[in-house]
Every structure is written in C-alpha cells, then in structure tokens.
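> Dropping the sequence and predicted coords here.
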Amino acid sequence: MAHVKCLDPGASPLHFFGSELRRLRERAGLTLEQLGKIVYLTGSMIGQIETAAKTPKDEHIPRFDTALGADGALVRLWEMAKRQRLPSWYQRIAHLEATASEIRVFQAQLVHGLLQTPDYARAVLRVSSHDDLDAAVEARMDRQRILRRNEPPLLWVVLDEAALYREVGGPQVMAGQLAHLLDAQDARNVDIQVLPFKAGAHAGVLGSFNIYSFDDQSDVAYMEGYEEAWATANVKDVRERSRRYDRLRASALSTTDSAELIARVMEERYEHVPDPRRGPVA
C-alpha cells in the first residue's frame, strides 16, 4: 500500500485547503490519478497541492470544485487561503528558486545571491554571524547550480547602482564580483539591468523583492524583512509587484548600457581593467 502523508490542516490556510481537497476527493472515491484525468493535472501535482507543497493556479480551482461536487466551497476557501502568507517552510528562497521557471529580482543594496562570488558571499554572510560560515557560503553557491541546468530558469535582475559602489569585502573582492556580473550577462538565460542614480525616486524605494513564476502553479511574490521573510501567492499582491517591477525595468539602463556602467565602475573605482575582448567601454 502506498504511503499516504498525514496532513495538518491547522498549519496554514494553504494546508487547510489541501486537507479539504483530499477529504472531498476521498469522499468521491477518486484516486489522485483519477481526479487528475478529470481536471487535466497529474496525480503527483494534485498530491503536492493536498500536502501544501505547491500552490494551485486560480484556473485549477473551479475544475476541482466541479469534479468533486463541492458546490463552490473550494472556490470560496481558495479565495481565503491565497490571501494569507505562504507557510514558513515554503518561503525558503532555495525552494522557490529551484522550482521556478522565471525569477525576477530587484536588489536595492547588494548583488543578488544567485550572482554572488564566493568571496562576496562570505563578506555578506559574515555580517549575519553564521556559526558555520564555510557551510553558509557553500549553501549559497550551491543555489547557483540552477543557472547551469540544461533548462535553467530565466533570471532577470534589476540592480540598483548603489550595489556597484557599496564596497563589500574590499576593492579586490568587488572587482571580482563586478567581473562575475559581466560574465553572467553573457549567459542566454540571464539579463542584468542597472537602475541608475539619476532615476531618482523609483518603484523600488520600499526595498528589494523577488517574483517567482512557475509552469504549473501560481506566481509567488517574495521579500525579506529584518527578521522574517514574506511570501504570497495572492493574485492582487503579485500583480501589484509585477507592475512595480515593470516600472523598474523601464527606468533602468539597457543590458548593454548596464554592462558598460559595470565595466566603468570596475576600472575607475576598483582599478580593474575589464577584458578588452568585451569591446570598448563608453
């Protein structure tokens, strides 16, 4: 007999939704695979929704409701569940990165973790007073493996110009970090735009945030506060942050102009001359 994972409906609204989905499915006498054929999803996907391992798309909910004869109950329950923060385990950034097909990032102070060099990451993580700094750096570098997959996610980064000048780890570390940004810019799945100082007040003044898009579940908006992370699949919240991100991209330099600015800062501030094969620097 296949192992059936126990559910904890009280853990979060997402867990409660999943437990109700399972209850109605079992009441209807359907297996995961049988329900999947009706609603055009895999049984595995439905199982992950039931255990709150994934968030369903809005379009899935009416199909579930009709197939299970819920008379609108699942639709109403989902309206409540999606407005709440996602469970704390789900907010782990590595999980979101590893399962996303597209990652949109606005970074206001520092280079994003997916683009950090080991030396830069070490300098950043040292501030957090990690008990095992080597392990923390290794874990951060391990996250970057997703960018080297056969089918990597699209990574779009808008980086505030301040991050180029904030000297993390010293001039040599910064020179290496900016060179790494230029190398990353060459990847087919990575786009980096710098938001210049001249943009003035902008759509990201409230702080850094990420938006994760998936092939088979709702988008997730994510941001970190001083002591906790905050994530939501609420369509209204995600849409608002997506509009904010579009405005940031519109205010930022083009990818070409961004690369030229990064190279210029390397040379003028950190006394490092970029590879001449990259072409002239404006």
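Thanks, I have it. Please read all numbers here as calculations on a predicted model, not as lab measurements. Numbering: from 1, shown residues only.
> Tell me the spatial nearest neighbour of Val265, not counting adjacent residues.
Closest residue to Val265 apart from its sequence neighbours, by C-beta to C-beta, 6 or more residues apart in numbering: Leu164 at 4.7 Å. C-beta here means a position set from N, CA and C on the backbone, and glycine is covered the same way.
> If you could redo that for Met174, that was the one I meant.
Nearest to Met174 is Tyr270, by C-beta to C-beta, 6+ apart, at 5.1 Å.
> surely that neighbour meets Gly176?
No. In this structure Tyr270 lies outside contact range of Gly176 using C-beta atoms under 8 Å: 9.1 Å.
> list the contacts for Phe64?
By C-beta atoms under 8 Å, 6 or more residues apart in numbering, the contact set of Phe64 is Leu21, Leu24, Leu35, Val39, Pro56, Ala70, Leu74.
> Which helix or strand contains the closest residue to the fifth one other than its chain neighbours?
Right, Pro56. Leaving aside its sequence neighbours, Pro56 sits nearest to Ile49 (C-beta to C-beta, 6+ apart; 5.1 Å). Using DSSP states H and E, Ile49 sits in helix 43-50.
> more neighbours, Tyr270 and Gly176?
The neighbour comparison of Tyr270 against Gly176 (other C-beta atoms under 10 Å) goes to Tyr270, with 20 against 17.
> What pLDDT is listed against that one?
pLDDT, Tyr270: 88.
> if I look at it, how far off is Gly170?
9 Å (C-beta to C-beta, to the nearest Å).
> just Gln217 next, same as before
For Gln217 relative to Gly170 (C-beta to C-beta), the value is 42 Å.
> what's the next secondary structure element after the helix holding Ile49?
helix 60-67.
> Could you give the separation of that following helix from the chain centroid?
28 Å (C-alpha atoms, centre = their mean, to the nearest Å).
> mind starting the numbering at 493 from now?
Yep, numbering from 493; the last one is helix 552-559 now.
> need the next SSE after that helix, C-terminal direction.
Using DSSP H and E, the first helix or strand after helix 552-559 is helix 565-573.
> How about exporting that next one as CSV, limited to the C-alpha atoms?
This file holds the C-alpha atoms of helix 565-573, laid out as CSV (Å, rounded to 0.1, in the frame of the first residue of the first chain):
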residue,chain,number,x,y,z
ALA,A,565,-16.9,25.6,-1.3
LEU,A,566,-13.4,25.0,-2.7
VAL,A,567,-13.7,28.3,-4.7
ARG,A,568,-14.6,30.2,-1.6
LEU,A,569,-12.0,28.5,0.5
TRP,A,570,-9.2,29.3,-2.1
GLU,A,571,-10.2,33.0,-2.0
MET,A,572,-9.4,33.0,1.7
ALA,A,573,-6.3,30.7,1.5
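> between it and helix 552-559, what angle do the directions make?
With axes from the mean of the first three to the mean of the last three C-alpha atoms, to 10 degrees defining the directions, helix 565-573 sits at 150 degrees from helix 552-559.
> OK, contacts around the residue nearest to Pro548?
With contact set as C-beta under 8 Å, 6+ apart, Ile541 has these partners: Gly510, Leu513, Thr547, Pro548, His552.
> can you list these in a markdown table and add pLDDT, distance to Val757 and neighbour count?
Formatted as a markdown table, those follow (pLDDT from 0 to 100; distance: C-beta to C-beta, whole Å; neighbours: other C-beta atoms under 10 Å):
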| residue | pLDDT | distance to Val757 | neighbour count |
| --- | --- | --- | --- |
| Gly510 | 93 | 48 | 27 |
| Leu513 | 96 | 51 | 26 |
| Thr547 | 85 | 39 | 26 |
| Pro548 | 88 | 44 | 27 |
| His552 | 92 | 46 | 22 |
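> Of these, which is the nearest to Leu698?
Nearest to Leu698 out of the contacts of Ile541 is Thr547 (C-beta to C-beta; 24.1 Å).
> is it true that that closest one touches Ser710?
Yes. At 4.8 Å, Thr547 counts as touching Ser710 under the criterion of C-beta under 8 Å.
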